[in-house]
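K.L.:
return a 3D structure for these sequence lines:
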Amino acid sequence: MMMVSIWGRAKQTPIPVQPPIPINKTEIEVAAEDSKKVVLDYADSLMFDQRINPDYQILKGNVKFHRGGMLMFCDSAYFYDKTNSMDAFGNVRMEQGDTLFVFSDLMYYDGIAEEARLRSNVILQNRDVTLITDSLNYELEPNVGYYFTGGRIVDSQNELESVYGEYCPDTKEAIFYYEVTLTNEKAKLYTDTLIYNTSTHIAQIESPTEILSDSGKIVSRKGWYNTNNNRTALYERSLVQHNSYHLTGDTIFYDRDNGFGNVYGSVFMQDTLHNVILKGNYAYYYEKNDSAMVTDSALMMDCSQKDTLFLHADTLRTIMLPDSSRLMKAYFNTRFYREDIQGVCDSMVFTSADSAINMYRNPVIWNTNYQIFGDTIKIYLNDSTIDRVHIPSFAFAAQQKDTAFFNQITGKDMLNRFKDGKLRQVDVSGNVQTIFYPQEEDSTFTGLNNATSGFLKMYMDTLSSEMEKLIMWPQVEGIMTPISKIKPKDLYLPSFRWYEAIRPTDKHDIFRKIEEKSSVEETKKRRKFSTQVETQPR
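P.N.:
Here you go, the predicted structure:
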């Protein structure tokens, strides 16, 4: 047996060594090869037995190697000089400068693959980043470590865990797969694939992901999450849930700390507390005052009542007031549809405190065959039905009886009361003017009744939607004109307009673009048609 000590030579006949075949290599190539070679720097003792273990040397005590700029330490090692490999045991440590340290109980370094395989109690430290696992394979080229039996990475902001993970000290990038969690003081993230930068603290979402916090959650399959400022960019139909609000869209930019979100593409916003849905192609949401805005094909669906109200406008805004009531505003080209009521106007305001809808600029509403318009219309709701409609300053109501015949009422102030969604009572005050077409039992028209007074009260049959009773006072002036004597100019009151052409017919029709002239043109057609009416009893 031959014993070799690092402190001296064994007395044995030297083994002849064949001279190497000369190879022309550049200085750079030689330097590159030298940087990849593992060099023994120190050991308390070295043992070598050519007969028993001809492939490796046994090193014990304060063992130190280096490979380029990487230092390797351990208590003992088997050094395979020919393959540039080694097995290291006890207090294994790898150091690269003052920025990278790796600790473990065991390590096998494969010089051919240029990979260190560390096992048992593995800890990698790179400045403020710590990787903890039981098994770590570290590739010195390209300077990447990866674990595959579970591990975690901790930095100043977050703690990340997964079954499989990779970390590159050069790029500060970590990749995680399978049962991935990211935890910080404000939220916890769950996913199966995640890319995380320990320098920027930004997590890149690459698979279905859920981020939970005290106030809500985020669900996405693509995007990024900046854990420094809790801002996220979410793609591919993501969801943000905050308290009672659910936001879904093709793209969402969400600032959780400031409570602000921008949503783009096929927006769906749901207020589960008030059972209201907002849709559009762009929206923003501000948590601090619980407000939202939707535009571009904006739609509001109020599902809180028995029948759903569908409302469209160029822009919809909703805000929570200090008394916890909700204010909703609709701007420009407003149209709404519900089975018992339909309406159009330029702008509209709804307040949940008094369940009132205020319609402004050319407002018109319909209930069955009854049309109302005025300068301003106020609709008061009661549970699932209309309670009353108030039209101050100027009001005009019309009910179509025939192709050219319309019952008409106008005055300064009008209050319409409803029962079970049908018009029951009409009260008008100030400069009351009326046109009615009385009918026989067989529905034959008997004439045209034109009357004026200071006040009017009318009762309607809610089943037939026909007038049941009419009271006018204090002084009534009027005239009854037989059908055969009616002239075209007598058919309508001066402010008469018939807006049926712009009436929303269903929940889809609220998106129809309406020109102002359409209602005027229809009224002109009515007047033109009336001149052609035969003066024969009907």
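
K.L.:
how near is residue 95 to residue 419?
P.N.:
87 Å (CB to CB, to the nearest Å). For glycine as for every other residue, the C-beta is placed from the backbone atoms N, C-alpha and C.

K.L.:
try residue 468
P.N.:
For residue 468 relative to residue 419 (CB to CB), the value is 12 Å.

K.L.:
which one's more surrounded, residue 95 and residue 419?
P.N.:
residue 95 (17 against 13; other CB atoms under 10 Å).

K.L.:
helix, strand, or coil at the more buried one?
P.N.:
strand (DSSP: H, G, I helix; E, B strand; the rest coil).

K.L.:
please renumber so the chain begins at 295
P.N.:
Happy to do that; since the first residue is 295 now, the last one works out to residue 389.

K.L.:
what bridges to it?
P.N.:
residue 365, residue 395 (DSSP bridges).

K.L.:
residues in contact with it?
P.N.:
Neighbouring residues of residue 389 by CB atoms under 8 Å, 6 or more residues apart in numbering: 364-367, 395-396.

K.L.:
TSV for the residues you listed, including distance to residue 405, neighbour count and pLDDT?
P.N.:
Output for those, formatted as TSV (distance: CB to CB, whole Å; neighbours: other CB atoms under 10 Å; pLDDT from 0 to 100):
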residue	distance to residue 405	neighbour count	pLDDT
364	12	20	93
365	16	16	96
366	12	24	96
367	17	20	98
395	21	17	98
396	17	24	98
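
K.L.:
now render the residues you listed as a markdown table, adding distance to residue 690.
P.N.:
What follows is the contacts of residue 389, written out as a markdown table (distance: CB to CB, whole Å):
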| residue | distance to residue 690 |
| --- | --- |
| 364 | 90 |
| 365 | 93 |
| 366 | 94 |
| 367 | 95 |
| 395 | 86 |
| 396 | 86 |
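
K.L.:
from the residues you listed, which is closest to residue 777?
P.N.:
residue 396 (104.0 Å; CB to CB).

K.L.:
give me the mean pLDDT for stretch 756-771.
P.N.:
For stretch 756-771, the mean pLDDT works out to 91.

K.L.:
brain fart, stretch 692-702
P.N.:
Mean predicted lDDT for stretch 692-702 stands at 92.

K.L.:
buried sites along it?
P.N.:
Within stretch 692-702, the residues scored as buried using 16 or more other CB atoms under 10 Å are 692-693, 695, 698-702.

K.L.:
which of those lies closest to residue 661?
P.N.:
For the buried residues of stretch 692-702, the nearest to residue 661 is residue 693 (9.9 Å; CB to CB).

K.L.:
give me phi/psi at the closest residue to residue 619 other than its chain neighbours?
P.N.:
Nearest residue to residue 619, sequence neighbours excluded (CB to CB, 6 or more residues apart in numbering): residue 647, at 3.6 Å. For residue 647, the backbone dihedrals (degrees, to the nearest 10) come out as phi -60, psi -40.

K.L.:
wait, residue 647 touches residue 617, no?
P.N.:
Yes: using CB atoms under 8 Å, residue 647 is in contact with residue 617, at 6.5 Å.

K.L.:
which of these two has more residues huddled nearby?
P.N.:
residue 647 (11 against 7).

K.L.:
can you tell me which residues contact residue 523?
P.N.:
549, 551.

K.L.:
so it, which of the three states?
P.N.:
coil.

K.L.:
is residue 795 in a helix, a strand, or coil?
P.N.:
Classified using three-state DSSP, residue 795 is helix.

K.L.:
tell me the predicted confidence for it.
P.N.:
So residue 795 comes in at 95 (pLDDT).

K.L.:
what pairs with the host helix or strand of residue 519, and is each one parallel or antiparallel?
P.N.:
Using DSSP states H and E, residue 519 sits in strand 516-520. Strand pairing for strand 516-520, using DSSP bridges, gives strand 496-499 (antiparallel), strand 525-536 (antiparallel).

K.L.:
give me the mean pLDDT for that strand.
P.N.:
Strand 516-520 comes out at a mean pLDDT of 98.

K.L.:
tell me the bridge partners for the residue lying closest to residue 800 once chain neighbours are set aside.
P.N.:
Sequence neighbours aside, residue 631 is the residue nearest to residue 800 in space, at 6.3 Å (criterion: CB to CB, 6+ apart). Beta bridges link residue 631 to residue 604, residue 636 when assigned by DSSP bridges.

K.L.:
tally of neighbours for residue 631?
P.N.:
23.

K.L.:
ok, it to residue 682 distance?
P.N.:
From residue 631 to residue 682 the distance is 20 Å (CB to CB).

K.L.:
any low-confidence regions in the stretch 695-832 of the chain?
P.N.:
Within the stretch 695-832 of the chain, the stretches with pLDDT under 70 are 810-832.

K.L.:
quick one, strands of it?
P.N.:
With DSSP state E, counting those that start in this stretch as the criterion, the stretch 695-832 of the chain has strands at 700-705, 707-713, 716-730, 741-755, 760-767, 771-776.

K.L.:
check which helices and strands the fourth one sits against.
P.N.:
With contacts defined as 3 or more CB pairs under 8 Å, 6 or more residues apart in numbering; DSSP states H and E, the packing partners of strand 741-755 are strand 700-705, strand 716-730, strand 760-767, strand 771-776.

K.L.:
quick one on the thing from earlier: tell me who's in contact with the residue nearest to residue 619.
P.N.:
Residue 647 touches 615, 617, 619, counting by CB under 8 Å, 6+ apart.

K.L.:
quick check: it vs residue 572, distance?
P.N.:
20 Å.

K.L.:
go on, residue 586?
P.N.:
Residue 586 is 6 Å from residue 572, by CB to CB.

K.L.:
with residue 769 instead?
P.N.:
For residue 769 relative to residue 572 (CB to CB), the value is 51 Å.

K.L.:
which one's more surrounded, those two?
P.N.:
residue 572 (26 against 9).

K.L.:
beta partners for that one?
P.N.:
According to DSSP bridges, beta-bridge pairing links residue 572 with residue 563, residue 594.

K.L.:
ok, now residue 528?
P.N.:
Where residue 528 sits in a bridge, its partners, by DSSP bridges, are residue 517, residue 546.

K.L.:
just checking, it touches residue 505?
P.N.:
No: using CB under 8 Å as the test, residue 528 is too far from residue 505 to be in contact (9.6 Å).

K.L.:
more neighbours, these two?
P.N.:
residue 528 (29 against 25).

K.L.:
ok, that one - contacts?
P.N.:
499, 512, 514, 516-517, 534, 545-548.

K.L.:
quick one: it and residue 373, what's the gap?
P.N.:
53 Å.

K.L.:
same check, this time on residue 451
P.N.:
Taking CB to CB, one finds residue 451 at 41 Å from residue 373.

K.L.:
next one: phi and psi at residue 673?
P.N.:
Torsion angles, degrees, to the nearest 10, at residue 673: phi -110, psi 130.

K.L.:
distance check, it against residue 619.
P.N.:
Applying CB to CB to residue 673 and residue 619 gives a distance of 17 Å.

K.L.:
which one's more surrounded, these two?
P.N.:
residue 673 (25 against 14).
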